[in-house]
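Sequence first, then the predicted structure:
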Amino acid sequence: QKETTVLTLKNSNDGPTISKHIYGHFAEHLGKCIYGGFFVGEKSSIPNTKGVRNDIITALKELKIPNLRWPGGCFADTYHWKDGIGPKEDRPSIVNRWWGGTTEDNSFGTHDFLNLCEVLGTEPYLASNVGSGTVQELEQWVQYVNHDSGSPMSELRKKNDREKPWGVTFWGVGNEMWGCGGNMTPEYYANLYKQYATFMTDWSNNDKLFRIASGANVADYHWTEVLMRDIPKSLIEGVALHSYSFVKWEKKGSSTKFNEEQYFATMQTALKMEELVTKHSDIMDKYDPENKVALIVDEWGGWYDVEEGTNPGFLYQQNTMRDAMIAGTTLNIFNNHSKRVKMANLAQTVNVLQAVILTENEKMLLTPTYHVMKMYTVHHDAQLLPMTINSPSYTHNGEKLPALSASASKDKNGLIHISLVNIDSKKDHKIEIDMQELGIKNVTGTILASPKLQDHNTFDNPSKIKPAVFKGFETKKGKLEITIPAFTVVVLETK
Ligand code: AHR
C-alpha cells in the first residue's frame, strides 16, 4: 500500500490570471538558433517562408507561442539594428564576439523578425542594446517599428517596404547588465535605465510600451532592491530575472549521459526557482504594493555541455526526460506565482540550450520540453486555482527534494486543468483529490513518459517521446486517486 498525498484544490474565482506570456520563448543570434535554425534563407531547398523554415513555423504555431524575445541575450548589447535593415546585399557583416566568433551577414534583421512574429501570431519582445549602443539608437528603433507616419524613422521603414508600423509592446532595456551587458553596478544601471526609458516614446501604442529592466542574476536580491527603489514606477513595467539549471556551473556534464547524482543536482537548481521568485517578489511587494511592475523571468532552462563534436560557443545540447522535469516543475512554479510573474522566456527556441526544436539539415524534431509546453497550453490566460500539496520526498544520498509539483487553473469555459510532475527517479506517487469539493465529475488525462530519464528524441527516432493518453486514475467515493509514475508529467482535464 503506497502512501497517498492529499491535494486540496479550491474551485474559486479569486486567483490571478496566469498570463499566457509565462509560456514565452527566446531566440538569440547564437549558434544555430537563427542562422541555420529558424532561418535557412529563401534559396534553401528546405521549404521556407521568406527564409524561415515552414516546419518550424507550423510547430511553433501549434505550441501557441505567445511571445518571442530577440536578438539576445548577450548578443543584444552588441547589436546595432540599422545593420539589419534595407537591401540584404548592402547590409554589413558583423562578428558575433560572444558566440563562437562567427561572421554573420545580417540577412535576418528587424523586418525578418517582426514579420516572422506576425506569421506566428506571437508578440515580439525586442531586447535593446544599452551596453554598446546609444539612447538615440534605441529611441530610433522604437520610432522605426512603432511610429505610423511622418517621422524620419517611419519614412525609412516605408522606404524599406513596410507601410504600417508593427506596434511592438515588449522592450528589454539591455541584458545582463551585471555581466555581458557592461559589468555594471545596479546603482549605475538604474540611472542609465532611467535615461534610456525616458526617451522610449510610445508612438502608436497609446502609451502601452512595456519596458523591462535587465534583472538580477539568480539570487542577487540587492540588484532587484536597487532597481525597485531607484526607478520611478512611471518608467518601468517589468524587472527581469535570469536563472538556469545545471549540475554544477563549472562542470555541467553531458545532456544525455548523466547519473542519478547529476540528475538530483540539476533538479535542486531547477526547484530553486520557487525560492527565487518568492524572494524577488517579496522585494517587489515592498516597493510596489500595488503590483504594477511585473517579474519577468526572461531566461530559464537547463544548461549542459555541448554535444560532442559541436562548436562550444554554439550551446547545442540534447533534451531528455530530465528537461521535461525542469520544464514541468518550473512552469508550475510560474503559474503558482502568476500574481507577480507575468512573463517568462525559455532559453532557447531552436538548437540552443533547452530547445523545444532541434534541426539537422532538412530534419527537425520536437523535444520532450516542447511536449510539456504544449500540454501546459491549457493554462494560457486561465485563472489560477489555489491549492495545497504536502509532497512526499524524493531522496538521494540523504538529501531531499519534494517529489511532486502541481498547479491548477480554470479556463474561460470553466474547465479545470491540473498539471502534475513527479520528479522521483524511482518511485510512483499517489495523489488524492476531493472531486465533490471541487465540483467535478469527469476526468481525462495526458502523460509524458519514457522508460529512462536519459531518453530523448533523435533525428532517426523523432517520436520516441510524445504525449499519450493517461489512464492512471480511479474514482472512489467522490475522491480522485491518481498514480503519477516516476519522472513523468501529467495534465488532467476535469469537468
Ligand atoms: O542564453 C544564453 C546566454 O545566457 C544569454 O546570451 C545570456 O543572457 C545568458 O548569460
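Sure, I can see it.

Report how many residues lie close to whichever residue of the stretch 201-350 of the chain sits closest to the ligand.
Proximity of the stretch 201-350 of the chain to the ligand (CB to the nearest ligand atom) peaks at residue 347, 4.1 Å away. Heads up, the C-betas are built off the backbone N, CA and C, glycines and all. Look at residue 347: counted by other CB atoms under 10 Å, it has 25 neighbours.

near the ligand, which residues of the stretch 101-250 of the chain?
175-176 (CB under 6 Å from any ligand atom).

How about the contacts made by the residue in the chain that the ligand sits nearest to?
Closest contact between the chain and the ligand, by CB to the nearest ligand atom, is at residue 73 (2.6 Å). By CB atoms under 8 Å, 6 or more residues apart in numbering, the contact list for residue 73 reads 26, 28-30, 98, 127, 175, 299, 347-348.

swap the cut-off to 6 Å and go again
Each residue near residue 73 by CB atoms under 6 Å, 6 or more residues apart in numbering is listed here: residue 28.

Ok, the one 5 residues further on next?
By CB under 6 Å, 6+ apart, the contact set of residue 78 is residue 132.

rerun that using 7 Å as the cut-off
Counting by CB atoms under 7 Å, 6 or more residues apart in numbering, residue 78 touches 97-98, 129, 132.

And those residues, which of them are buried?
98, 129 (16 or more other CB atoms under 10 Å).

So what's the gap between stretch 422-442 and the chain middle?
Stretch 422-442 has its C-alpha centroid displaced from the chain centroid by 27 Å (CA atoms, centre = their mean, to the nearest Å).

Give me the buried stretch members for that stretch, please.
Neighbour-count burial for stretch 422-442, counted by 16+ other CB under 10 Å, picks out 422-425, 427, 429-433, 435, 438, 440.

Kindly report the same for stretch 154-166.
Neighbour-count burial for stretch 154-166 flags 154, 156-157, 162, 165-166 (criterion: 16+ other CB under 10 Å).

Kindly report the same for stretch 463-476.
465, 467, 470, 472-473.

Give the rounded mean pLDDT of it.
When pLDDT is averaged over stretch 463-476, the result is 96.

Now do that stretch: distance to the chain's middle.
Taking the mean of its C-alpha atoms, stretch 463-476 sits 25 Å from the chain's own mean (CA atoms, centre = their mean).

which residues are contacting it?
Contacts of stretch 463-476 (CB under 7 Å, 6+ apart): 368, 371, 375, 435, 443, 445-448, 450, 455, 457, 480-483, 485, 490.

tell me, how many neighbours does residue 383 end up with?
For residue 383, using other CB under 10 Å, the count is 19.

can you tell me which residues contact it?
With contacts defined as CB under 7 Å, 6+ apart, residue 383 is in contact with 13, 15, 17, 409-410.

Just the buried ones from the residues you listed, in PyMOL syntax?
Command for PyMOL that selects the buried part of the contacts of residue 383, burial taken from 16+ other CB under 10 Å:
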select buried, resi 15+409+410
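
The contacts of residue 383 in strands, which ones?
409-410 (DSSP state E).

TSV please, covering the contacts of residue 383 and showing pLDDT.
Formatted as TSV, the contacts of residue 383 follow (pLDDT from 0 to 100):
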residue	pLDDT
13	90
15	94
17	98
409	97
410	96
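
Which residues of the stretch 251-400 of the chain lie near the ligand?
Residues of the stretch 251-400 of the chain lying near the ligand by CB under 6 Å from any ligand atom: 299, 347-348, 353.

Can I get the buried part of the residues you listed as one PyMOL selection?
Buried residues among those (16+ other CB under 10 Å), as a PyMOL selection:
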select buried, resi 299+347+348+353
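
Just the residues of the stretch 251-400 of the chain next to the ligand: which are in strands?
299, 347.

can I get the residues of the stretch 251-400 of the chain next to the ligand in CSV with distance to residue 59 and pLDDT?
Shown next, in CSV, are these (distance: CB to CB, whole Å; pLDDT from 0 to 100):
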residue, distance to residue 59, pLDDT
299, 21, 98
347, 18, 98
348, 15, 96
353, 17, 98
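
now the residues of the stretch 251-400 of the chain next to the ligand in a markdown table, with distance to residue 121?
Shown next, in a markdown table, are those (distance: CB to CB, whole Å):
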| residue | distance to residue 121 |
| --- | --- |
| 299 | 23 |
| 347 | 22 |
| 348 | 20 |
| 353 | 24 |
